[in-house]
Structure formats: structure tokens, C-alpha cells
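Novice: here is a sequence with its predicted model. Questions after.
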Amino acid sequence: MERWLSKARVLIGLSAVLLIAALNRQDPMLYRMFLFLATLSALGYALPWLSLRSLRVQLEAGRYLEVNEGAPLAIGILIENVSRWPSFMVEVRTEWTGSGHTLTASETLGVIRRGRVPDLAHGMQLDCRGEYVLTAVRLGSGFPLGLTRATLTLERPDARVLVLPRPLATQWPFPWDTAEDHRGELTTRRLGQSLEPGILRPYEHGEPVGRVSWGASARAGELIIQHYQQQGARRLRVVVDRPPRADAGDADSAGEQAIRHAAGLVLACVQQGVQTFTHVPDQAEPVRRAAPLLPALARVRTGESALAALLARVAAEVKAGEQVAVVVSAATRPELLLAALAPPRLRTVRVAVCIVTRRRAAPPEWVQAKALQDALADAGWPAWTEAS
């Protein structure tokens, strides 16, 4: 019964009742009530079409933007009213396709007057990182009664948006080791030939004469050995896995949160003077600078895990004294992660796993994260959990 009680059917029924009553009783008041209701119904059907008929929609061709998650989208939609009558309550809806899913952003404009081009930057936003293509711009209006909804569509607009992930505050929780680097500002614990002066000590029989500091020996009256310390720097390699397909478009998912925490960890280390190498799926070389980091993370597509390939590449490139942070979601299977950590070279450096839960995680996910952390601890891999 309820599905038959729509606004249009109710108005038609009331108009018919008033018309029949007016004809039977010949009452002028009933005629006026019928005319008022009929006029109101006609305006309810006609005004939405009249409001959109006078609107013109344009979009700047070849538009490309980079915006942060949740930031306003100023994609250059121009709407102009060419008639002398204003249009009321027009909803502007944009449809975006990216990462295998479709998202919709909308904004409602109360009044569009003649010659006025409203700014559509505020109100339209995308909350999940990725590459998006604008597929359609649709204008709709049901003002004033919502009896019908008129639509105006701009097909095949040429606009693309790269939504950058929003970094979340994350810190490296372990002591730092120092890797050998001739341009570094620190020194390693390893002694050898360099330009960084170290300690002086008496010469011992059998040591190479090349280590003798003749100036110090002349002052001391005996042979003195000059040690040099190797120059070094703090280095961190961050490994970011690909989110699963189930997390596509879900801004609160653990996979998307892991990418945000990885970005926050790298940027925090860069501010502390740490050299960072971010290993991202589908990229042959690690990201070494902060500027291209967020665009590279924004282009990571969902799909099968790439941990094994990424950690195999890290094992081939890692050097003594470097740190490795593996950022994964709490939903990662322990056997998959432990198999990816199998290369023996990873045992020679400090490797830690950052386990990330979804935003406002439920108790079952906390249990899952704790089980993953326990499995890593049993295998000898340190880990810590991040949540937001």
C-alpha cells in the first residue's frame, strides 16, 4: 500500500476529488481549491525542467589536478544561467572512476542567477587516494515539490585527478644504526681509511706502517698509530605493500591506512635527517626524495600482495647498518609475511614490521593484529602496531 502513496498520486487524487466535488456542489471555493492544487502540481512538474533548460555547463579541457584526500576539488566546472529567471536547488553530481570502482561527489546550489558562475570547489571531495577520471557531470533538480527530477548531463568530460594520501604521524621506535656513507655527517663504529679523525694509540709490533701518524709520533717520541672512523649516515628502507582488492575505495580500510602510515614514517624520518628509500609496488627503483613520495604512493593499485618481490629487492640492495621497515595491514596472513622475510640477507640488518589496523578498528581486528605480531615475535622479527 505504501508504495502507491507517492507525491504525484496523492496530488492527482486530491485534484480529482476537489474537481468532482466542485462539479457536484457548484461551489466556487472548491473550484478555487482545485485550481490552486492543479497549478501547484503543474509547477511541481514544470519548474525542474525550466530551471535546467536555461543552464549551460562547461569544463576546462585537459584538466589535471593533484589534491590531498578530503581536499576541495577545483576541477573548473563552469555553470551559467542564460535566462532572466534564477534556478533553484540544483544538485551538481560528478562521477569518478578509479582503482576499479566508481565514486560520486555532489554539491547542491541554492540559487543560480543570471550571469553568475558559482564556485564548485567547496563541497566536492574525494576521501580515498588514487588516480581518478571524471566520467560524467550531472545536474539535477526536483524543486519545489520533488514530483519529478530533471537532469542535464555533460558526457565524456576530459579531467583527471590524482588524490594524494594524507600522511599519518608515525615514528621509528627502535635505536638507529649507522650505515657507511662517504657523504654522511655521522661516523660508523667500523674503523678504516677515511678523512674523519679517530683515536691515537701506541704502535704495536706487526701493524702496517701506513697507519703511523708521523706528526703525532714526533711529538710523543714514539710511534703512534692514527685510526680513522668511517663516515656514515642513518638510512631507512620502507617497504609498502599493495592493498587488497577488497580495500578499493574504502578510505577507512587497513590497507589504505598502511599507506598513510608509511608516508608519515618517511616524512618524519626525512625531517630528522635520515636517508630514506621507499620501495613501492610496480616501481623498479625506490623513491629517494620526499617530493615524489606522495604521488608514487597515490598510484599504488590494489591487487595481490607484492611483499615477496619487494623484500627480495631490498635483500639484494640493503647494506650493513641500514634499517628496514615493512608496513603491512593487520589482515596480512602471517605465513605470507614470514615467507617474504625469508631471504637470509635480511637477518644481517635491523628489520621491523609496522602492523596497521583500519580506522576505528573493531575488537576482532585487534585480535588479528596481536596474532600477527606474536607470529613475528616467535620468528625473531620485531614489530609494532599503529592505529588511528
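Specialist: Cool, got the structure. Residues are numbered from 1 along each chain as shown.

Novice: continuing past the lowest-mean-pLDDT helix or strand in the chain, what's the next helix or strand?
Specialist: Taking mean pLDDT, DSSP states H and E as the measure, the chain has strand 186-202 as its least confident helix or strand, at a mean of 59. Sequence order places helix 214-220 as the next helix or strand after strand 186-202, per DSSP states H and E.

Novice: that next one - contacts with which helices or strands?
Specialist: Contacts defined by 3 or more C-beta pairs under 8 Å, 6 or more residues apart in numbering; DSSP states H and E place helix 214-220 against strand 224-233. Where C-beta positions appear, they are placed from N, C-alpha and C, glycine not excepted.

Novice: same thing but at 10 Å, please
Specialist: Judged by 3 or more C-beta pairs under 10 Å, 6 or more residues apart in numbering; DSSP states H and E, the packing partners of helix 214-220 are strand 186-202, strand 224-233.

Novice: where does the residue nearest the centre of the chain fall, phi/psi-wise?
Specialist: In the chain, the residue lying closest to the centroid (C-alpha atoms, centre = their mean) is residue 165, at 2.6 Å. Dihedral pair for residue 165: phi -70, psi 150, per degrees, to the nearest 10.

Novice: who are the contact partners of it?
Specialist: For residue 165, the contacting residues are 68-69, 128-130, 251, 256-257, 259-264, 293-295, 297-298, 300, by C-beta atoms under 10 Å, 6 or more residues apart in numbering.

Novice: show me these that map onto helices.
Specialist: Counted as lying in helices by DSSP state H, out of those, are 256-257, 259-264, 293-295, 297-298.

Novice: farthest-apart pair in those residues, please.
Specialist: Of all pairs drawn from these, the widest gap by C-beta to C-beta lies between 257 and 295 and measures 19.0 Å.

Novice: bridging residues for the closest residue to residue 102 other than its chain neighbours?
Specialist: Closest residue to residue 102 apart from its sequence neighbours, by C-beta to C-beta, 6 or more residues apart in numbering: residue 95 at 6.3 Å. Residues in a beta bridge with residue 95, per DSSP bridges, are residue 104, residue 136.

Novice: I'd say residue 95 and residue 138 touch.
Specialist: Yes. If you go by C-beta atoms under 10 Å, residue 95 and residue 138 touch, sitting 7.2 Å apart.

Novice: between those two, which contacts overlap?
Specialist: By C-beta under 10 Å, 6+ apart, residue 95 and residue 138 have these common neighbours: 104, 106, 153.

Novice: is it true that the second one lies in a helix?
Specialist: No. Using DSSP: H, G, I helix; E, B strand; the rest coil, the secondary structure at residue 106 is strand, not a helix.

Novice: who are the contact partners of it?
Specialist: Going by C-beta under 10 Å, 6+ apart, residue 106 touches 91, 92, 93, 94, 95, 123, 124, 138, 140.

Novice: circling back to that earlier point, mind pulling the model confidence for the residue nearest to residue 102?
Specialist: For residue 95, the model assigns a pLDDT of 86.

Novice: repeat for residue 227
Specialist: Residue 227 is assigned 63 on the pLDDT scale.

Novice: cool, the one 10 residues further on as well?
Specialist: Predicted confidence (pLDDT) for residue 237: 98.

Novice: wait, is it part of a helix?
Specialist: No. Counting by three-state DSSP, residue 237 is not part of a helix but strand.

Novice: so what's it up against?
Specialist: If you count contacts by C-beta under 10 Å, 6+ apart, residue 237 has them with 275-279, 286, 310-311, 313-314, 317-319, 322-326, 349, 351.

Novice: so residue 307 makes contact with residue 335?
Specialist: No. Counting by C-beta under 10 Å, residue 307 stays clear of residue 335, with 11.6 Å between them.

Novice: more crowded one of the two?
Specialist: residue 307 (21 against 9; other C-beta atoms under 10 Å).

Novice: who's in contact with the residue nearest to the more buried one when sequence neighbours are not counted?
Specialist: In space, and not counting its chain neighbours, residue 307 is closest to residue 340: 4.0 Å by C-beta to C-beta, 6+ apart. Residues in contact with residue 340 (C-beta under 10 Å, 6+ apart) are 239, 241, 305-312, 314-315, 326, 328, 332, 346.

Novice: returning to that earlier point: filter the contacts of residue 237 down to the buried ones, PyMOL style.
Specialist: Selection command for PyMOL covering only the buried members of the contacts of residue 237, criterion 16 or more other C-beta atoms under 10 Å:
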select buried, resi 275+276+277+278+279+286+310+311+313+314+318+322+323+324+325+326+349+351
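
Novice: sitting in helices, which of the contacts of residue 237 do you find?
Specialist: Among the contacts of residue 237, the residues falling in helices (DSSP H) are 310, 311, 313, 314, 317.

Novice: if we take those, which one ends up nearest to residue 210?
Specialist: residue 317 (32.4 Å).
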